[in-house]
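*Asks:* attaching a predicted model along with its sequence, questions to come.
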Amino acid sequence: MDIFISNTAKEPIYEQIANEIKKLILQGKLKPEEPLPSIRNLAKELRISVITTKRAYEELENEGYIVTVGGKGTFVAPLSPDFFQEKRLYLVEQSLREVVETGKSLGVSLKEFIDLLSSLYKEE
């Protein structure tokens with residue numbers, strides 16, 4: 001599993017891990033009911049504390065992305081298509097809110113914003 005973390009990022013490492021795993025799930029790179037590495041193995045692979053990895057897994061479990069089955073391991077939760085769609089849209093909405101705030105503060109009109117968004121979306 002390819003997870004990228006940065007010691008210089010603003011967000012804590014456990015949050016970076018959780019966000020990377022969420023992204024892999026929402027992109028379909030991690031499938032429902034697919035096993036995840038154990039907390040210890042992931043910590044070893046990323047060369048971080050087991051406590052940090054445990055906190056990331058707890059956050060993911062609380063948000064419904066993963067499930068832990070005693071004695072068997074941790075797995076991607078069997079998520080419904082509605083859950084995927086809602087989460088994807090929520091993540092995009094969060095990013096767009098920041099961009100809209102920046103655009104407004106710089107005096108970008110709605111038409112300019114829509115034109116820019118449209119051209120960026122069409123880029124290959």
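*Replies:* Nice, thanks for sending it over.
*Asks:* now D115. Its backbone dihedrals?
*Replies:* phi -60, psi -40 (degrees, to the nearest 10).
*Asks:* residues near it, how many?
*Replies:* Using other CB atoms under 10 Å, D115 has 12 neighbouring residues. C-beta here means a position set from N, CA and C on the backbone, and glycine is covered the same way.
*Asks:* now L42
*Replies:* 22.
*Asks:* just the strands from this protein, written as ranges.
*Replies:* Under the criterion DSSP state E, the chain contains strands at 66-69, 73-76.
*Asks:* flag every buried residue along the first one.
*Replies:* This means strand 66-69. I66, V67 (16 or more other CB atoms under 10 Å).
*Asks:* re the thing from before, ok, which of the strands of the chain comes nearest K44?
*Replies:* strand 73-76 (15.2 Å; CB to CB).
*Asks:* tell me the mean pLDDT for the closest one?
*Replies:* Mean per-residue pLDDT for strand 73-76: 96.
*Asks:* please apply the same query to stretch 54-68.
*Replies:* Here the average pLDDT along stretch 54-68 is 96.
*Asks:* any idea which helix or strand of this structure has the worst average confidence?
*Replies:* helix 81-105 (a mean of 88; mean pLDDT, DSSP states H and E).
*Asks:* re the thing from before, got TSV for the strands of the chain, with distance to I5 too?
*Replies:* Conversion of these to TSV gives the following (distance: least, CB to CB, whole Å):
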stretch	distance to I5
strand 66-69	18
strand 73-76	18
